[in-house]
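Visitor: here is a sequence with its predicted model. Questions after.
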Amino acid sequence: MIGTTLSHYRVVGKLGVGGMGVVYDAEDMRLPRRVALKFLPQELAGDAEASRRLKREAETIALLNHPNICTVYEIDEHEGNSFIAMERVDGVNLKIHMARTALGDADIVDIARQVAEALGAAHTAGVVHRDIKPGNIMVSSGGQVKVLDFGLARRFMIPDTGEVFLHGSTIPGRPLGTANYMAPERISQAPLDPRSDLFSLGVVIYEMATGRLPFGGASPSETVTNILEKDPTPITRLSPDRSVALERIVTRLLAKQPDERYRSASDLHDALEAVHAPQGFFRRFLGS
């Protein structure tokens, strides 16, 4: 693909490969900008269902307009293979950022707060990401965070009853995603709930704070059992210098039952903001 011209894009390199797609670095020959082009993996290039999911991903992101969410420019086709042209985000994913940088509490809170803002915008628009993990969170050299890869996202509706209903089709069978970051209700395939994204963000924050996964096991099945049945080791036991306030937020995010977590990404954002606020403001959101 490198050196190939697709529509008005010239491919100059490869940015990454994942189970849901291959992403290339490209130059837009109409506008002075670099873009990212996401294709299906080669083994799925001719798969009609996979192509439909890629188109749905583009349509889903197009619903969202937020500085912490990667922007989609268009969906096009090359030699029968659909691709998404999207914003090329400068920086590294959070997994690499954690390996390179010693994160203080303020850094962790800032990253988590920006992800919460992105999730708040998505949930307000009726979109659940369903795959929040360090590999899908980009951090720029200036500290700006972008949430990427809505390939597993689902749209939902909240009618007057307050119940959440899936909008459109879903994929039957085993849950898709990365086991270490899945909420219990995702594993058990309970009805769609936006608060599953908050659980996943809780796992990410725990990992930033301790360098470990809260439920990691020796095998995927052990990880699943840990998520469903076990509580993680408290953050301050593993990292005594971490804030107790941050630990309380993560403990609430990792609750097995969605009703025991924050009601919304907005509530989580407020709690994160309160970590470095005066004590009275802090108590308001953590109930301490």
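Guide: Looks like it arrived, so ask away.
Visitor: for the longest helix along the chain, which positions count as buried?
Guide: Counting by DSSP state H, the longest helix found in the chain is helix 105-124. Within helix 105-124, the residues that count as buried by 16 or more other CB atoms under 10 Å are 105, 108-123. To be clear about C-beta, it is placed using only N, CA and C from the backbone, and glycine gets the same treatment.
Visitor: dump the C-alpha coordinates for that helix into CSV.
Guide: C-alpha atoms of helix 105-124 as CSV (Å, rounded to 0.1, in the frame of the first residue of the first chain):
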residue,chain,number,x,y,z
ASP,A,105,-1.4,11.7,40.1
ALA,A,106,-2.1,14.9,38.3
ASP,A,107,-1.1,13.4,35.0
ILE,A,108,-3.3,10.4,35.6
VAL,A,109,-6.3,12.6,36.5
ASP,A,110,-5.8,14.8,33.5
ILE,A,111,-5.7,11.9,31.1
ALA,A,112,-8.7,10.2,32.8
ARG,A,113,-10.6,13.5,32.8
GLN,A,114,-10.2,14.0,29.0
VAL,A,115,-11.3,10.4,28.3
ALA,A,116,-14.3,11.0,30.5
GLU,A,117,-15.1,14.1,28.5
ALA,A,118,-14.9,12.1,25.3
LEU,A,119,-17.2,9.3,26.8
GLY,A,120,-19.6,11.9,28.0
ALA,A,121,-20.0,13.3,24.5
ALA,A,122,-20.3,9.8,23.0
HIS,A,123,-22.9,8.7,25.6
THR,A,124,-24.9,11.9,25.1
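Visitor: the following helix or strand past it pairs with which strands, parallel or anti?
Guide: Downstream of helix 105-124, the next assigned helix or strand under DSSP states H and E is strand 127-128. Paired neighbours of strand 127-128 in the sheet (DSSP bridges): strand 154-157 (antiparallel).
Visitor: mind listing what's buried along the strand it pairs with?
Guide: Quick answer for strand 154-157 (16+ other CB under 10 Å): R154, R155, F156.
Visitor: ok, so of these, who is nearest H97?
Guide: Of all those, the one with the least separation from H97 (CB to CB) is R154, at 27.5 Å.
Visitor: tell me how far the closest one lies from N180.
Guide: 20 Å (CB to CB, to the nearest Å).
Visitor: may I see the buried residues of strand 154-157 organised as CSV, with distance to D270 and pLDDT added?
Guide: Putting the buried residues of strand 154-157 into CSV (distance: CB to CB, whole Å; pLDDT from 0 to 100) gives the following:
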residue, distance to D270, pLDDT
R154, 26, 88
R155, 26, 84
F156, 23, 81
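Visitor: got the buried residues for stretch 256-269?
Guide: P258, R261, Y262, S264, A265, S266, D267, L268, H269.
Visitor: run the chain-centre distance for it.
Guide: Remark: stretch 256-269 is offset 16 Å from the chain centroid, using CA atoms, centre = their mean, to the nearest Å.
Visitor: what of stretch 130-149?
Guide: Remark: stretch 130-149 is offset 7 Å from the chain centroid, using CA atoms, centre = their mean.
Visitor: and for stretch 83-101?
Guide: 12 Å.
Visitor: send the alpha carbons of it over as CSV?
Guide: Extracted in CSV, the C-alpha atoms of stretch 83-101 (Å, rounded to 0.1, in the frame of the first residue of the first chain):
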residue,chain,number,x,y,z
PHE,A,83,-11.6,2.6,4.0
ILE,A,84,-12.2,5.4,6.5
ALA,A,85,-10.2,8.7,6.1
MET,A,86,-9.8,10.2,9.6
GLU,A,87,-7.8,12.7,11.6
ARG,A,88,-4.1,11.7,12.0
VAL,A,89,-3.4,12.1,15.7
ASP,A,90,0.2,13.0,16.6
GLY,A,91,1.5,11.3,19.6
VAL,A,92,1.6,7.8,21.0
ASN,A,93,-1.0,5.5,22.5
LEU,A,94,-1.4,5.4,26.2
LYS,A,95,0.2,2.0,26.5
ILE,A,96,3.5,3.4,25.0
HIS,A,97,3.1,6.7,27.0
MET,A,98,2.8,4.7,30.3
ALA,A,99,6.0,2.8,29.4
ARG,A,100,7.9,6.0,28.6
THR,A,101,6.6,8.4,31.2
